[in-house]
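K.L.:
with the input below, show me the fold.
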Amino acid sequence: MAKLHVRKIRVLVAAGLLGAVVAGNAQAADFEAGWKAYQRGDFAGALAEWQPLAEAGDDRAQFNLGVMYDEGRGVALDRKAAMAWWTRAGWNGDTMAQHNLALAHIAGDGIEQDYDAARRWLEQAGGVR
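P.N.:
Reported below is the predicted structural model:
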């Protein structure tokens, strides 16, 4: 389980770096503001920036909200909410969310254990059709 936690942190860092690269539009600026807040430990600030983006379909914000719920950062720890956000992000093409969903399905952690679903999410994450 510790390996999954470390992987999620690494993936969150990658998502933040991706947000920094995509500068120029308001959504990227809001994502970056959320990332900076998260880095400062201002989880309420990160939530305030990412929640509207996530609801509007931003897969990076959806993924990061999933991480916040998975780890209980700024929100009550809620694996079902984490799975819901990662599912939305996964359907929007976020490969990190797809990866986390696959691992959750393999372990049956926060979601029903389902090896077929895990395989499908891993195939999507890897670009396999």
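K.L.:
any idea how far the residue nearest to the spatial centre of the chain is from residue 37?
P.N.:
Centroid-nearest residue in the chain, with C-alpha atoms, centre = their mean: residue 63, separated by 1.8 Å. Separation of residue 63 from residue 37 (C-beta to C-beta, to the nearest Å) stands at 16 Å. To be clear about C-beta, it is placed using only N, CA and C from the backbone, and glycine gets the same treatment.
K.L.:
also residue 121?
P.N.:
29 Å.
K.L.:
for these two, indicate the residue with more neighbours.
P.N.:
Shown here are residue 121 and residue 37; by other C-beta atoms under 10 Å, residue 121 has more neighbours (25 against 19).
K.L.:
for the more buried one, list the residues it contacts.
P.N.:
Residue 121 sits next to 90, 98-99, 101-102, 105 when contact means C-beta atoms under 8 Å, 6 or more residues apart in numbering.
K.L.:
among the residues you listed, which are in helices?
P.N.:
90, 98-99, 101-102, 105 (DSSP state H).
K.L.:
now, of these, which are buried?
P.N.:
Buried subset of the ones in helices among the contacts of residue 121 (neighbour count, 16 or more other C-beta atoms under 10 Å): 90, 98-99, 101-102, 105.
K.L.:
where exactly do the helices run in this structure?
P.N.:
2-21, 26-40, 43-55, 59-71, 79-91, 95-107, 115-125.
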